[in-house]
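Participant: I need the structure of the sequence given here:
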Amino acid sequence: MTAGPRPRARLAGALAAIGLLSGWGSPGFARPLPVPGECSAGPGMRRCLYRSAVPSVGLLSECDGSRCRVGFYYGRIDTPEWLTPPEGWTAFPPPEVRWPSATLAEVRFGCGASCSVSYFFEARRQRLSPPRRDVVALDERRLLVAQGEGRSLVARQVYSGREVARIERSWAPGLTAVEAIQDARFEPDGRLSITWMQAGDRPPMTERITVPSIPR
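Facilitator: Next up is the predicted model:
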């Protein structure tokens, strides 16, 4: 482990945490860019810290090649709470950690083309979500995610998983919702903006959809 964070790494992490290095508005799914971890390597293992804006609270990963364990710490980094891999996984691949806000992190793991698994960690309450698959947009204010489920796009509460909206469209044939959607983001007014490929030779469709905060 390094004796202390390098100033440039800490500055980059802090800026990303408050959105100054984010990718909101860039093509593709509207997510902040991954935060560079504060990493150190030992025999057979690489450890990375991803600090939150809350003192002594953050995330860490320990990787042996492409096999990792990932957790969050409060106070002591040598006694973390480890995340449980999704069903069928024996370990995690290296994570991508994003801070959509100063205290809310998305820990994302790729699992193939158009496939991902995300966990959400709220640093102030040390609250961790169950794994959420194929997340394309996050409303960090209302704690909602939009995620692909086959040919449907479903909005759910991050922590409870309760469905608040289900969106079905004439996506291009043979594509799942995630594969058909070219861009997705929650707007400041709470509406979900999506751009998606239609059937046939029709141009991509962009629309804004009202999404409630709680199940109807």
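
Participant: Just checking: what are the partner strands of the one helix or strand Glu81 maps to?
Facilitator: Applying DSSP states H and E as the criterion places Glu81 in strand 76-82. Note on strand 76-82: by DSSP bridges, its sheet partners are strand 67-74 (antiparallel).

Participant: how about the strand it pairs with: buried residues?
Facilitator: 68, 70-73 (16 or more other CB atoms under 10 Å). To be clear about C-beta, it is placed using only N, CA and C from the backbone, and glycine gets the same treatment.

Participant: Name the surrounding residues that touch the strand holding Glu81.
Facilitator: 49, 60, 69-74, 126, 128 (CB atoms under 8 Å, 6 or more residues apart in numbering).

Participant: what about that strand, distance to the chain center?
Facilitator: Distance of strand 76-82 from the chain centroid (CA atoms, centre = their mean, to the nearest Å) equals 21 Å.

Participant: Repeat that for stretch 76-83.
Facilitator: Centre to centre, stretch against its chain (CA atoms, centre = their mean), the figure for stretch 76-83 is 20 Å.

Participant: With stretch 182-189 instead?
Facilitator: Taking mean C-alpha positions (CA atoms, centre = their mean), stretch 182-189 and its chain are 15 Å apart.

Participant: Check which residues of that stretch are buried.
Facilitator: 183-186.

Participant: Tell me the one of those residues nearest Asp201?
Facilitator: Asp183 (19.8 Å; CB to CB).

Participant: and that closest one, how far is that from Pro55?
Facilitator: Separation of Asp183 from Pro55 (CB to CB, to the nearest Å) stands at 36 Å.

Participant: Equivalent analysis for Arg124, please.
Facilitator: Taking CB to CB, one finds Arg124 at 11 Å from Pro55.

Participant: Same question for Thr103.
Facilitator: 11 Å.

Participant: So between those two, which is more surrounded?
Facilitator: Thr103 (17 against 9; other CB atoms under 10 Å).

Participant: Show the pLDDT at the closest residue to the more buried one other than its chain neighbours.
Facilitator: Leaving aside its chain neighbours, Thr103 sits nearest to Ala123 (4.3 Å; criterion: CB to CB, 6 or more residues apart in numbering). For Ala123, the pLDDT comes out at 95.

Participant: my guess is Ala123 meets Val54, correct?
Facilitator: Yes. Between Ala123 and Val54 there is a contact at 4.4 Å, judged by CB atoms under 8 Å.

Participant: for Val164, what are its contacts?
Facilitator: Applying CB under 8 Å, 6+ apart, the residues near Val164 are 144, 155-157, 211-216.

Participant: Recalculate using a threshold of 10 Å.
Facilitator: 142, 144, 146, 154-157, 211-216 (CB atoms under 10 Å, 6 or more residues apart in numbering).

Participant: now swap in Val54 and tell me
Facilitator: 74, 102-103, 122-126.

Participant: need the residues you listed in TSV with secondary structure, can you?
Facilitator: What follows is these, written out as TSV (DSSP: H, G, I helix; E, B strand; the rest coil):
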residue	secondary structure
Tyr74	strand
Ala102	coil
Thr103	coil
Glu122	strand
Ala123	coil
Arg124	coil
Arg125	coil
Gln126	coil
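
Participant: out of those residues, who's nearest Pro85?
Facilitator: Gln126 (19.6 Å).

Participant: what's the nearest residue to the closest one if we skip its chain neighbours?
Facilitator: Counting by CB to CB, 6+ apart, the residue nearest Gln126 is Tyr74, at 5.5 Å.
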